[in-house]
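J.: kindly generate the corresponding structure for this input.
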Amino acid sequence: MLAIVAEDELRDAIVKGAEGVLVLDKTPFYAEMGGQVTDHGTISLDGAVFAVHNVQKDKAGKFLHHGVLESGELKKGDVVTSAIDAERRQAVRRAHSATHLLDAALKKVLGDHVHQAGSLVEPDRLRFDFTHFSAITAEELSQIERLVNDEILAGLPVGTQELPVEEAKKLGAVALFGEKYGKTVRVVSMGEGEELASMEFCGGTHLDNTAKVGPFRIRSEAGIASGVRRIEATVGKTSLEIMNRNQEMLFRAAELLKTSPADLADRAEQVMLEMRELRREVERYQAQASLGDAQQFLMSAKAVGGLKIVTHSRPGTDANALRQMGDFLRDKEPGVVAVLASAAEEKITFLAVCGKEALAKGIKAGVLVKLVSGIAGGSGGGKPDSAMGGGKDLLKLDDALAAVDDFVAERLK
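T.: Sure thing, here's the model as predicted:
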């Protein structure tokens, strides 16, 4: 143990429950860099356990192990045992190796203009940003995913070597655009000879064979900036978990629709057609009921100056149903002046209609609906024979409808 930092100060020891940073003379932990997340694990000695949740590399090349001491006490100079979370490391490896295969597949499908513009490699998840001038089609995405999975199923060996940077470039190794490299670089290759699938400059952790990546699934693709796209994908256990959940939903849907998973699409289409027909049937019944109500409204209409005045509120009726009722009243009775209202979700919808005889006497639906809507705190307008409006004050609904008789009587003077 070279150094201990706790509460932003150098310490000789760290005690249970304290958060701190440990510096060792050597470490198996991977520090966060190049888009790959850090290793997790423990640093321990005789019952003292320091849980590592973050590792950073400082400018001097020292690895800073951030975490909390869960038990015991550790002192500067102690000879400790470091252990990474092997399962997490393997999941990160799967995602990182898949990222290289994805980069190669993007170049094959979209073109050599594709360059990496950023990445994030997490356990069994990856995010890859790249340059491209347009959205990727569903067909292209499918082709990219298929190419990556083909390289995984091919079981290609993954190898690493350190080479002079110029030699690595001559071999065709892909460098990160705009990145500065030293004289010697680490190159990660997937496949060999004619089966070479990828060769990139990379300092991250990888599998020894592409087959260990497991199923690769693209979750999303979108633009994040001008000329930059982003793909998010899963591999390994995360992909398997998603596939299992999707399969369970498929079986459940098939069970609910009383069919087999293979016939689910046909059955769903059939159910949709049946529902559409049932909806039409319901709408027909509702229309008949509305017209029946309109007939009743007309029978109970008030007579003002030879015209028939209809005012009625029908809660929960949509605008289309109001229009159907209004059209019926206007066409059925030339002398009708009607205002129908519907209140729902603290809003009022008004419809005003005027028959031919009402129009001839100077009664206009547009002027009438503007009046009643205004009384209810809203506005409206429309044609002389049919107009709609809205109100906000439900308490003024009755006052608005009551104003229709006076409006007609005033216009007939």
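J.: please point out which parts of stretch 31-40 sit buried.
T.: In terms of neighbour count (16 or more other CB atoms under 10 Å), stretch 31-40 has its buried residues at 31, 35, 36, 37, 38, 39, 40. Every C-beta, even on glycine, is put in place using the N, C-alpha and C of the backbone.
J.: the third one against residue 126, yeah?
T.: No. The criterion here is CB atoms under 8 Å, and residue 36 misses it with residue 126 at 9.7 Å.
J.: domain ranges for the chain?
T.: 3-84, 89-244, 297-412 (automatic domain parsing).
J.: nearest to residue 274, out of the ones you listed?
T.: domain 297-412 (22.9 Å; CB to CB).
J.: where does the stretch 201-350 of the chain have low pLDDT?
T.: Along the stretch 201-350 of the chain, segments meeting pLDDT under 70 span 286-287, 289-290.
J.: all strands for it, in order.
T.: 217-225, 228-234, 302-304, 307-313, 336-344, 347-354 (DSSP state E, counting those that start in this stretch).
J.: so which of the ones you listed gets nearest residue 171?
T.: With CB to CB as the yardstick, what comes closest out of those is strand 228-234 (26.5 Å).
J.: show me what contacts the residue nearest the centre of the chain?
T.: The centre of the chain sits closest to residue 220, judged by CA atoms, centre = their mean, with a distance of 8.7 Å. Counting by CB atoms under 8 Å, 6 or more residues apart in numbering, residue 220 makes contact with 230, 231, 232.
J.: kindly report the same for residue 12.
T.: Contacts of residue 12 by CB under 8 Å, 6+ apart are 4, 75, 76.
J.: hmm, the last one is touching residue 5, no?
T.: Which is residue 76. No. Contact between residue 76 and residue 5 fails when scored by CB under 8 Å: they sit 10.5 Å apart.
J.: now do the shared contacts for those two.
T.: residue 11.
J.: one step back: in CSV, list the domains of the chain along with distance to residue 253.
T.: Output for the domains of the chain, formatted as CSV (distance: least, CB to CB, whole Å):
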stretch, distance to residue 253
domain 3-84, 36
domain 89-244, 15
domain 297-412, 31
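J.: weakest of the ones you listed in terms of mean pLDDT?
T.: Here these differ in mean pLDDT, and the lowest is domain 297-412 at a mean of 91.
J.: the stretch 151-300 of the chain: helices as residue ranges?
T.: 165-170, 236-256, 264-299 (DSSP state H, counting those that start in this stretch).
J.: got those helices as a markdown table, with distance to residue 107 and mean neighbour count columns?
T.: Shown next, in a markdown table, are these (distance: least, CB to CB, whole Å; neighbours: other CB atoms under 10 Å):
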| stretch | distance to residue 107 | mean neighbour count |
| --- | --- | --- |
| helix 165-170 | 16 | 14 |
| helix 236-256 | 23 | 14 |
| helix 264-299 | 35 | 13 |
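J.: can you say which of those helices is nearest to residue 357?
T.: That would be helix 264-299 among those, by CB to CB, at 14.0 Å.
J.: who does the closest one touch, helix- and strand-wise?
T.: helix 236-256, strand 307-313, helix 319-332, strand 336-344 (3 or more CB pairs under 8 Å, 6 or more residues apart in numbering; DSSP states H and E).
J.: packing partners of the shortest one?
T.: Read it as strand 307-313. Against strand 307-313 (3+ CB pairs under 8 Å, 6+ apart) you get helix 264-299, strand 302-304, strand 336-344, helix 397-412.
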